[in-house]
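S.K.: Starting from these lines, generate the structure:
(one chain, ligands or ions: 2)
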Amino acid sequence: MSTSPTPTLTPPTATPSLDPEPNLVHALDAAQYTDAARFEREQERIFRRTWQFAGHVSQLERPGDYFALELHGRSLFCVKDRAGIVRAFYNACRHRAHQLVEGSGHARALVCPYHAWTYELDGRLRAAPGAGRTPGFDRSRICLIPVRSEIVGGFVFVNLDPDAAPMEAWYPGIADALAEYVPHPERLRAACTREVVERCNWKVSVENYSECYHCRLNHPTFSNGVVEADSYHIIPHGRVLRHVTKSVPVESLTYRVDPDSHPHALDYTSWFLWPTFSFQIYPGNVLNTYIWHALDHRTTRVTRQWYAAEGVEPDLIEALAEQDLRTTVAEDVRLVESVQRGLESGGYRPAPLVIDPAGGVNSEHSIRALYEWLGEAMA
Ligand code: FES
Ligand SMILES: [Fe+2]
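M.R.: Residues are numbered from 1 along each chain as shown. Ligands and ions are numbered 1, 2, ... in the order given. Have a look, this model is predicted:
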C-alpha cells in the first residue's frame, strides 16, 4: 500500500496591516502613479498652471532671435523684441492657426508661412496681404496671444495660466540665492546636455530627486566623490525644496576644484522649483539644471544641462556631465523604474514615510511637502 506524501504548507507569515497608521504621513497609493486619467488632470491642474522652464537668454542674444518649444501639449515660442524684451507667445497665427516658427532662428519680423500675415516682434500684426479690401478689418486690433514669462538669473520660464502668481511668490528669493553661488548666471552658456527617458511616472522621479535617504546605498560616486551625504538636508520654503550639503574634502573630489575660487566653492546646493525644475550647484560652483518632462503617466524625460562661464575648460564640464550620467543618473534610473514596476505590481500598500522632526539626510519631510503641494494643486 502506498502512502501519499504529507502536504507541505507555506507557514503563515505575520498578517500585514493594510490600515493607515493614524497620525503618520503615508506614501501615496499606486493609482497616483499608474492612472492615465489622473495624469490628464495633472496636465491641466499642475503643468498648465505652474512656472515651466522654457530656455536660457543665451538662446536669444539679438532682437529677432527666437526658439519654439512644446510644453505639455501646447506649442509656444519665445522671441526677443526690438526693445530687448523677451516675450513668449502661443505658436499659432491669428489668421487660421498655422505655426509661426519652427526650431530656432532669427527674424526681422514674424511672417506666417501660410498666407504671409506678418507680425512685429512684440506680437502686433503689421500686415495681412489683401486684408485692406475687407470692410471693417482693423489690423491694430490683432496681435499674437501672449504667454506669461519671467526671467530668473537668465533662465526663461513661462506659465500658461494668465492669472498665475509671479515667480517670486512661488520661489521667494530664488534669483538672489542663485547669484550668491553663481555671479551673473545670465552670462553662462549651456556647455552640454544629457537626456534620459525613465519608464516611470514623473512624481516617482521627482520624489526620488527630493530625498537623499537613498544616497549612501545607491550613489557611491556622488556620496564619496562629490558631496558629504551625511550632512545632506533639505529645507522646504514657498514651493521650493532647498538642498544643502558640503562637498567631500577637496582631495576626495572626482574633479579639480580650487577651494579659494569662491566662498561657496566647496558647497553643494540645489533649488527644486515645484513641480519639474531644479537648479543645482556642484562643488566648484558648477551650475546645472534638471528638467522633468512628463510625457505620459509612466514615461518621463529628464534633461540635464550643464552651464559654463567663459574661460571655464569645456572638457571639465563635459567630463563631469558624463560622470554624472554614468553614475548618479544611471543609478537613479534603475531605482525609479523599479519603483514604477512595484507600483504596478498590484500589491503595493503604502506604509508611513520616515520623518525626523529634526530633518537630516534620512528624513522624508521633503516628500511630505511634495504631497502637500500635489494635494493643493489637485484639490
Ligand atoms: S494662417 Fe497664418 S497667414 Fe494664414
Ligand atoms: Fe538618487
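
S.K.: Return the residues of the stretch 1-150 of the chain in contact with ligand 1.
M.R.: Within the stretch 1-150 of the chain, the residues that sit near ligand 1 (C-beta under 6 Å from any ligand atom) are 93, 95-98, 112, 114-115, 117. Using the backbone N, CA and C atoms, a C-beta is placed for each residue, glycine as well.

S.K.: Quick one: buried ones out of the residues you listed?
M.R.: 93, 112, 117 (16 or more other C-beta atoms under 10 Å).

S.K.: Take the residues you listed and write them to a markdown table, including secondary structure, pLDDT and distance to S210.
M.R.: Compiled in a markdown table, these are given as follows (DSSP: H, G, I helix; E, B strand; the rest coil; pLDDT from 0 to 100; distance: C-beta to C-beta, whole Å):
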| residue | secondary structure | pLDDT | distance to S210 |
| --- | --- | --- | --- |
| C93 | coil | 98 | 41 |
| C112 | coil | 98 | 43 |
| W117 | coil | 98 | 45 |
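
S.K.: Distance to V286 for the residues you listed - can I get that in a markdown table?
M.R.: Compiled in a markdown table, those are given as follows (distance: C-beta to C-beta, whole Å):
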| residue | distance to V286 |
| --- | --- |
| C93 | 41 |
| C112 | 42 |
| W117 | 45 |
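
S.K.: Not counting sequence-adjacent ones, nearest residue to R139?
M.R.: L125 (4.8 Å; C-beta to C-beta, 6 or more residues apart in numbering).

S.K.: Surely that neighbour is in a strand?
M.R.: Yes - secondary structure assignment places L125 in a strand (DSSP: H, G, I helix; E, B strand; the rest coil).

S.K.: surely it meets D138?
M.R.: No - using C-beta atoms under 8 Å, L125 makes no contact with D138, being 9.6 Å away.

S.K.: distance of the spatially most central residue of the chain from ligand 1?
M.R.: The residue lying closest to the centre of the chain (C-alpha atoms, centre = their mean) is F277, at 2.3 Å. Using C-beta to the nearest ligand atom, to the nearest Å, F277 is found at 32 Å from ligand 1.

S.K.: OK, contacts around that residue?
M.R.: F277 makes contact with 51-53, 157, 289-292 under the criterion C-beta atoms under 8 Å, 6 or more residues apart in numbering.

S.K.: try it again with 10 Å
M.R.: Counting by C-beta atoms under 10 Å, 6 or more residues apart in numbering, F277 makes contact with 50-53, 155, 157, 171, 271, 289-292.

S.K.: Quick check: beta-bridge partners of it?
M.R.: Note on F277: beta-bridge partners by DSSP bridges are L273, I291.

S.K.: per-residue confidence at it?
M.R.: Looking at F277, its pLDDT reads 98.

S.K.: Give the phi and psi angles for L188, as a check.
M.R.: When read as degrees, to the nearest 10, the backbone of L188 gives phi -80, psi 170.
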